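S.K.: Pasting the sequence and the predicted coordinates here, then a few questions.
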Amino acid sequence: GQNIDQPTEMTATEGAIVQINCTYQTSGFNGLFWYQQHAGEAPTFLSYNVLDGLEEKGRFSSFLSRSKGYSYLLLKELQMKDSASYLCAVRGGNDYKLSFGAGTTVTVRA
Amino acid sequence: GAGVSQSPSNKVTEKGKDVELRCDPISGHTALYWYRQSLGQGLEFLIYFQGNSAPDKSGLPSDRFSAERTGGSVSTLTIQRTQQEDSAVYLCASSVQGSGANVLTFGAGSRLTVL
């Protein structure tokens, strides 16, 4: 089975940096995804990692360590619109199914 | 279409009734997924369709749940004899293929409330 853990909630100040950690134990590994979901809306794709290291996309970066079963999403220069739930998802050994963590709700305060 | 379209966006039903939820994926996407999201919970995998292959139904919680995909495009998720614990947001997603770096694009979901 798949086990994906991430913190439930995080709060940060506008302009600051927040790091959302995700640990996983899965049967096989074929990539890790981060999605953003605003309340009442569809999840939208943020990043994909399949090799170890850091992927940077503007204000958002995602890191992966396959040996540690660990990833993080780094949000820099936080804006109020970044208040949302962030979902960590792993594509396991069967290569098509995405298994999701429960999500981390980030609240950005002025 | 430009995105994944789901209908209805909201459905309120009485316990014991049947409901049908529809998903229209992005044109050309061969992979289609259904997930369920309950309040405060992660996305729970329900079913996966890939082209003409047999679907992976391993996530369906009971035999009251079924899904079909006609002509490799539109999909319908049917819940028979609904129960209160079926209340959730049902999300559909599609991707070019269901493997590797292929990104799932989600619809806005169908919110089901069973009274």
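M.R.: Everything's here; your move. Note that the structure is a prediction, hence the values are computed from the model and not measured.

S.K.: contacts and neighbour counts: CA atoms only from here.
M.R.: Will do.

S.K.: Does the residue nearest to the spatial centre of chain B lie in a helix or a strand, and which?
M.R.: Residue closest to the average C-alpha location in chain B (CA atoms, centre = their mean): residue B:34, at 3.1 Å. For residue B:34, the element it lies in under DSSP states H and E is strand B:31-37.

S.K.: Show me what that strand is packed against.
M.R.: strand B:43-50, strand B:88-95 (3 or more CA pairs under 8 Å, 6 or more residues apart in numbering or on different chains; DSSP states H and E).

S.K.: Of all these, which one is nearest chain A?
M.R.: Nearest to chain A, of all the helices and strands packed on strand B:31-37, is strand B:43-50, at 5.7 Å by CA to the nearest CA.

S.K.: what's the angle between the closest one and strand B:88-95?
M.R.: Counting by axes from the mean of the first three to the mean of the last three CA atoms, to 10 degrees, strand B:43-50 lies at 40 degrees to strand B:88-95.

S.K.: what does chain B put close to chain A?
M.R.: Those residues of chain B that sit near chain A, judged by CA under 8 Å from any CA of the partner chain, are B:40-45, B:48, B:91, B:98-101, B:103-109.

S.K.: mind redoing it with 10 Å?
M.R.: B:4, B:31, B:33, B:35, B:37-38, B:40-45, B:47-50, B:56, B:89, B:91-93, B:97-109, B:111 (CA under 10 Å from any CA of the partner chain).

S.K.: give the contact list for the residue nearest to the centre of chain B.
M.R.: B:23, B:43-49, B:57, B:59-60, B:67, B:75-77, B:90-94, B:106, B:109 (CA atoms under 10 Å, 6 or more residues apart in numbering or on different chains).

S.K.: That one bridge partners, please.
M.R.: When bridges are called by DSSP bridges, residue B:34 pairs up with residue B:47, residue B:92.

S.K.: what's the nearest residue to the residue in chain A positioned nearest to chain B if we skip its chain neighbours?
M.R.: In chain A, the residue that lies nearest chain B is residue A:102 (3.6 Å; CA to the nearest CA). Distances taken as CA to CA, 6 or more residues apart in numbering or on different chains place residue B:42 nearest to residue A:102, at 3.6 Å, with adjacent residues excluded.

S.K.: who are the neighbours in contact with the one residue in chain B that gets nearest to chain A?
M.R.: Across chain B, the shortest distance to chain A (CA to the nearest CA) belongs to residue B:42, at 3.6 Å. Applying CA under 10 Å, 6+ apart, we find residue B:42 in contact with A:4, A:87, A:88, A:89, A:99, A:100, A:101, A:102, A:103, A:104, B:35, B:36.

S.K.: Farthest pair within these?
M.R.: A:104 and B:35 (18.1 Å; CA to CA).

S.K.: Show me what counts as buried in the strand holding residue B:34.
M.R.: Residues of strand B:31-37 classed as buried: B:31, B:32, B:33, B:34, B:35, B:36, B:37 (neighbour count, 16 or more other CA atoms under 10 Å in any protein chain shown).
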